[in-house]
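Visitor: From the sequence below, what's the structure:
(one chain, ligands or ions: 2)
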Amino acid sequence: MPHRSESESRKLLGKLRTALAEDSAGQARLNRIVTLIAGSMQAEVCSIYLFRDAETLELCATEGLDAESVHQTRMRLGEGLVGRTARSRKVVNTAGAPSEQGFRYMPETREERFSSFCGVPIQRLGNTMGVLVVQSRDARKLTFDEVYALEVVAMVLAEMTELGAFVGEGAALAAPHQRPSMIKGTIGQEGAAEGQVFLHEPRVVVLNPISDDPEAEITRLQEAIDTLRTSVDDLLSGNQSLSGEQKQVLEAYRMFANSRSWKKRMEEDVLNGLSAEAAVEKEQSLARSRLTRSGDAYMRERLSDLDDLSNRLLRILTGQGTDTGAEMPDNAILVARNIGPAELLEYGKTLRGIVLEEGSVGSHATIVARAWAIPLVINAKGVTTAALNGDKMLVDGEQGIVHLRPDETVQGAFREKIAMQARAQERYASIRDLPATTKCGTTIRLEMNAGLMADLPSLAGSGAEGVGLFRTELQFLVRNKMPRRAELSELYSRVMKSASGKRVAFRTLDIGSDKVLTYMKPNDEPNPAMGWRAIRVGLDKPGVLRMQLQALIRAASGGPLTVMFPFITLYGEFKAAKAEMQKALDREERLGHPLPSDLKVGAMMETPSLAYAPDAFFEEVDFISIGGNDLKQFFFAADRENERVRKRYDTLSPAFLQFIKMVVARCEKAGTPVSFCGEDAGRPVEALCFAALGLRSLSMRPASVGPVKHLLRRVDLGEVQSIIDQSVADGDASVRRPVADWLAYQV
Ligand code: PEP
Ligand code: MG
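Guide: Numbers count the residues shown, from 1 in each chain. Ligands and ions are numbered 1, 2, ... in the order given. Purely as a prediction, here's the structure:
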């Protein structure tokens with residue numbers, strides 16, 4: 001193979017563009033392309049292998065190998081030199097292919113005649129889609145320029161594959177974005193949903209990878225980079241409230257935006273025939289594949305900054321972006337890499353389902369989704385690259401599975417599942433007004449968790465006896481400025497009225513951790529979950545707490561009021577918070593406002609230390625609400641947002657149950673009511689075990705009230721207790737299995 005100059009690789013792209021523009025079917029296009037590349041590279045063989053599924057590559061077109069083997073020859077990822085190219089995502093360039101490690105002879109292709117092999121991954125944004133191969137008889141390694149030309153062509157092929165240019169008559173492969181696929185994630189919130197994908201951050205689509213006017217493209221690229229630089233500079237200089245970390249990221253952006261080598265590489269790509277956006281994407285792809293390979297945390301962070309910056313540049317060049325103008329469909333399933341509670345609240349309750357590439361069961365975004373009973377799958381790897389806006393999607397929250405572009409059979413089975421769920425809901429509705437009284441005659445009070453006005457209608461619908469946890473911070477999260485006292489008081493009063501006399505336990509502001517208010521000065525902390533949050537903020541900067549307490553007293557308007565303080569770790573903190581309440585009462589009295597007829601002030605137990613507070617605390621506090629989500633993360637030292645560690649520890653482990661039992665005993669001794677309001681209270685088996693341990697009040701998301709009540713009404717708590725005792729005596733790591741097995745016999 002003779003040396004090819006750069007201008008020749010541009011010529012090759014020019015021919016490719018003509019071939020792609022021809023109105024031929026997918027397979028014909030592929031055939032034409034391989035012939036063209038082989039001719040232009042003066043090689044005997046050019047072949048294109050594309051992924052049939054995640055593990056299998058298929059020969060889709062060839063010039064030079066046996067034509068009969070097209071769509072017949074397949075290999076697994078890692079198998080042979082083609083599989084090795086795909087797996088390593090690196091070019092394999094060798095003069096002596098048959099003696100190369102991993103070489104696999106494919107008799108049907110009759111490729112034994114060829115000595116040299118050059119495989120170039122066809123990849124787009126870190127996603128390998130296939131392999132472009134050039135082979136020839138004479139034993140020579142391709143030059144740097146030749147490999148470069150193939151890389152440029154592979155980049156264009158990736159774009160065209162993405163756009164579905166090779167789909168159609170005769171082509172056995174559908175474009176990746178037209179194929180059905182199933183993604184296995186983790187359960188975030190049960191339930192089934194059918195709808196259309198709505199991407200939180202839509203990807204940019206490059207429609208014109210090849211250009212015939214390099215000068216004009218260089219100018220476009222230069223202008224876009226200038227705009228990018230200005231926007232980064234503006235962000236840095238115009239935003240005084242940036243945290244140290246945000247500044248660091250922007251500094252890194254500035255460094256990349258001004259990087260000469262980055263710009264030079266892209267300009268070279270443009271001079272070789274790529275459009276400006278394709279050149280940006282080529283660089284981005286390279287950075288992504290380095291990102292997936294790099295074990296160095298610092299390097300990974302910088303590469304991911306570069307990735308983000310490339311996206312910005314692409315948006316500038318294409319005019320596409322977060323604001324693509326795509327309307328959210330009525331049956332939207334939100335697909336995102338991750339999402340914070342404030343952003344999710346902005347989307348609102350109308351979402352049919354949510355699928356996150358990352359996410360965590362313990363995050364507040366998950367809690368919001370659970371509160372709204374929106375099916376949620378987290379850890380759905382690759383979903384943000386596989387899904388396109390408008391794609392059909394089925395979310396199976398029960399199994400943590402997502403079906404993307406499902407075929408008719410899958411859709412049929414899924415609809416049957418939705419119908420089954422509706423029947424279960426009817427069963428729960430029939431016991432809505434009955435108490436959660438067990439077979440042994442114990443009644444458990446079931447309340448619901450809420451946080452927004454929109455949650456209140458569920459109080460009647462779910463059969464909950466009150467609101468055991470009203471997360472007041474959600475009101476703060478949905479706004480872009482600090483609410484005023486009058487607004488809060490009006491809102492709390494509406495909440496109380498909507499509860500029609502049922503108790504609402506208002507938890508004072510719990511900000512910090514993953515609940516960040518954009519209008520408050522950011523707080524740069526190494527570990528926000530264990531940082532300055534909740535009552536710690538309330539006591540150190542009491543302005544907002546005072547305003548909130550006054551708003552609550554005014555809203556009660558002489559009626560009963562229940563307030564609880566979050567994240568109380570020490571008795572002293574409770575005393576200080578209660579003193580704030582007393583101050584607020586005194587002030588309101590002085591102002592002539594009526595005081596609550598019956599005021600209950602409680603504490604949330606969210607750290608193990610509070611369980612060991614002095615007796616005086618248990619006697620003084622009006623009630624205790626166990627915030628199991630936080631309590632568990634500190635009990636097991638396992639971040640509630642880190643799926644990897646969170647899953648290791650079961651709520652139903654003897655250690656945690658023993659701890660809860662101890663808290664219940666201390667409360668009983670002091671005559672203090674205790675309830676459990678973490679997410680576990682809404683999981684039927686957990687709820688059952690808590691009841692068996694002596695908890696008589698549970699607060700959960702509204703949709704859980706029915707299933708929990710249904711289960712409690714069928715059991716004898718004494719029997720559950722003995723199963724738990726036996727399991728603990730047997731040394732089980734968790735009582736879940738024995739309890740679930742026993743339950744299976746009760747139905
Ligand atoms: C908890 O920690 O269990 C709790 C109810 O509070 P949140 O989930 O809002 O932190
Ligand atoms: Mg908490």
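
Visitor: got a list of what residue 574 touches?
Guide: Contact analysis of residue 574 by CB atoms under 8 Å, 6 or more residues apart in numbering lists 565, 568, 603, 617, 620-621. From N, CA and C alone the C-beta is placed, and that goes for glycine too.

Visitor: repeat that for 7 Å
Guide: 565, 568, 603, 617, 621 (CB atoms under 7 Å, 6 or more residues apart in numbering).

Visitor: At the contact with ligand 2, which residues of the stretch 551-700 of the chain appear?
Guide: With CB under 5 Å from the ion as the criterion, the stretch 551-700 of the chain meets ligand 2 at residues 606, 627, 630.

Visitor: Using CSV, write out every CA atom in the helix or strand bottoming out on mean pLDDT in the chain.
Guide: Least confident element among the helices and strands of the chain, by mean pLDDT, DSSP states H and E: helix 6-21 (a mean of 73). Coordinates of each C-alpha in helix 6-21 appear next as CSV, following Å, rounded to 0.1, in the frame of the first residue of the first chain:
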residue,chain,number,x,y,z
GLU,A,6,-3.4,14.2,3.5
SER,A,7,-5.1,15.8,0.5
GLU,A,8,-5.8,12.3,-0.9
SER,A,9,-7.6,11.5,2.3
ARG,A,10,-9.7,14.6,1.7
LYS,A,11,-10.3,13.3,-1.8
LEU,A,12,-11.5,10.0,-0.3
LEU,A,13,-13.9,11.9,2.0
GLY,A,14,-15.2,13.8,-1.1
LYS,A,15,-15.9,10.5,-2.9
LEU,A,16,-17.5,9.2,0.3
ARG,A,17,-19.8,12.2,0.4
THR,A,18,-20.9,11.6,-3.1
ALA,A,19,-21.6,7.9,-2.3
LEU,A,20,-23.6,8.8,0.7
ALA,A,21,-25.6,11.4,-1.1
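
Visitor: Give me the subset of the residues of the stretch 551-700 of the chain next to ligand 2 lying in helices.
Guide: Counted as lying in helices by DSSP state H, out of those, are residue 630.

Visitor: Ligand 1 next: which of the residues of the stretch 551-700 of the chain next to ligand 2 are close?
Guide: 606, 627, 630 (CB under 6 Å from any ligand atom).

Visitor: Any chance of CSV for these, columns pLDDT and neighbour count?
Guide: Shown next, in CSV, are these (pLDDT from 0 to 100; neighbours: other CB atoms under 10 Å):
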residue, pLDDT, neighbour count
606, 98, 25
627, 98, 25
630, 96, 24
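
Visitor: returning to what we had before: which one among the contacts of residue 574 gets closest to residue 539?
Guide: residue 565 (9.2 Å; CB to CB).

Visitor: Next SSE downstream of the helix or strand that closest one falls within?
Guide: Assigned by DSSP states H and E, residue 565 falls within strand 561-568. Counting by DSSP H and E, the next helix or strand C-terminal to strand 561-568 is helix 571-590.

Visitor: thinking again about what came up before, what is the least confident helix or strand of the chain packed up against?
Guide: Helices and strands touching helix 6-21, by 3 or more CB pairs under 7 Å, 6 or more residues apart in numbering; DSSP states H and E, are helix 26-41, helix 144-162.

Visitor: if I read this right, residue 515 contacts residue 475, doesn't it?
Guide: No: Residue 515 is beyond contact range of residue 475, at 11.6 Å (criterion: CB atoms under 7 Å).

Visitor: quick one on the thing from earlier: is it possible to get JSON lines of the contacts of residue 574 that adds neighbour count and pLDDT?
Guide: Formatted as JSON lines, the contacts of residue 574 follow (neighbours: other CB atoms under 10 Å; pLDDT from 0 to 100):
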{"residue": "565", "neighbour count": "27", "pLDDT": "98"}
{"residue": "568", "neighbour count": "29", "pLDDT": "98"}
{"residue": "603", "neighbour count": "29", "pLDDT": "98"}
{"residue": "617", "neighbour count": "21", "pLDDT": "98"}
{"residue": "621", "neighbour count": "26", "pLDDT": "98"}
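
Visitor: for stretch 452-469, what is the average pLDDT?
Guide: Averaging pLDDT along stretch 452-469 yields 91.

Visitor: Likewise for stretch 128-142?
Guide: Stretch 128-142 shows an average pLDDT of 89 in the prediction.

Visitor: Next one: the closest residue to residue 598 other than its chain neighbours relative to ligand 1, how far apart?
Guide: Among residues not flanking residue 598 along the chain, residue 560 sits closest, at 4.1 Å (CB to CB, 6 or more residues apart in numbering). Computed as CB to the nearest ligand atom, to the nearest Å, the residue 560 to ligand 1 distance reads 22 Å.

Visitor: mind listing what residue 284 touches?
Guide: By CB under 7 Å, 6+ apart, residue 284 lies in contact with 125, 307, 310.

Visitor: In those, which has the lowest confidence score?
Guide: Among those, residue 125 has the lowest pLDDT, at 72.

Visitor: contacting residues for that residue?
Guide: The neighbours of residue 125, taking CB under 7 Å, 6+ apart as the test, are 281, 284-285, 288, 385.

Visitor: which residues of the stretch 201-350 of the chain fall in strands?
Guide: 332-336 (DSSP state E, counting those that start in this stretch).

Visitor: do you know how far the closest residue to ligand 2 within it is from ligand 1?
Guide: Residue nearest to ligand 2 within the stretch 201-350 of the chain: residue 341 (12.5 Å; CB to the ion). Residue 341 sits 9 Å away from ligand 1, taking CB to the nearest ligand atom as the criterion.

Visitor: Contact partners for that residue?
Guide: Neighbour list for residue 341: 364-365, 368, 477, 514-515 [criterion: CB under 7 Å, 6+ apart].

Visitor: for residue 126, same thing?
Guide: Contacts for residue 126 (CB under 7 Å, 6+ apart) come out as 285, 288-289, 291-292.

Visitor: Please report how far it lies from residue 671.
Guide: 61 Å (CB to CB, to the nearest Å).

Visitor: which other helices and strands contact the helix or strand containing residue 685?
Guide: Element membership for residue 685 (DSSP H and E) is helix 684-693. If you count contacts as 3+ CB pairs under 7 Å, 6+ apart, helix 684-693 packs onto helix 654-670, helix 702-712, helix 717-729, helix 736-746.

Visitor: what angle separates that helix from helix 702-712?
Guide: Helix 684-693 runs at 60 degrees relative to helix 702-712, counting by axes from the mean of the first three to the mean of the last three CA atoms, to 10 degrees.

Visitor: how about helix 684-693, does it reach ligand 1?
Guide: No: using CB under 6 Å from any ligand atom, helix 684-693 stays clear of ligand 1, with a minimum separation of 12.6 Å.

Visitor: Using CSV, write out every CA atom in that helix.
Guide: Provided in CSV are the C-alpha atoms of helix 684-693 (Å, rounded to 0.1, in the frame of the first residue of the first chain):
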residue,chain,number,x,y,z
PRO,A,684,-44.3,-4.0,53.1
VAL,A,685,-41.9,-6.6,54.5
GLU,A,686,-39.9,-3.9,56.3
ALA,A,687,-43.1,-2.3,57.6
LEU,A,688,-44.2,-5.7,58.9
CYS,A,689,-40.9,-6.2,60.8
PHE,A,690,-41.0,-2.7,62.3
ALA,A,691,-44.6,-3.4,63.5
ALA,A,692,-43.4,-6.7,65.0
LEU,A,693,-40.6,-4.8,66.8
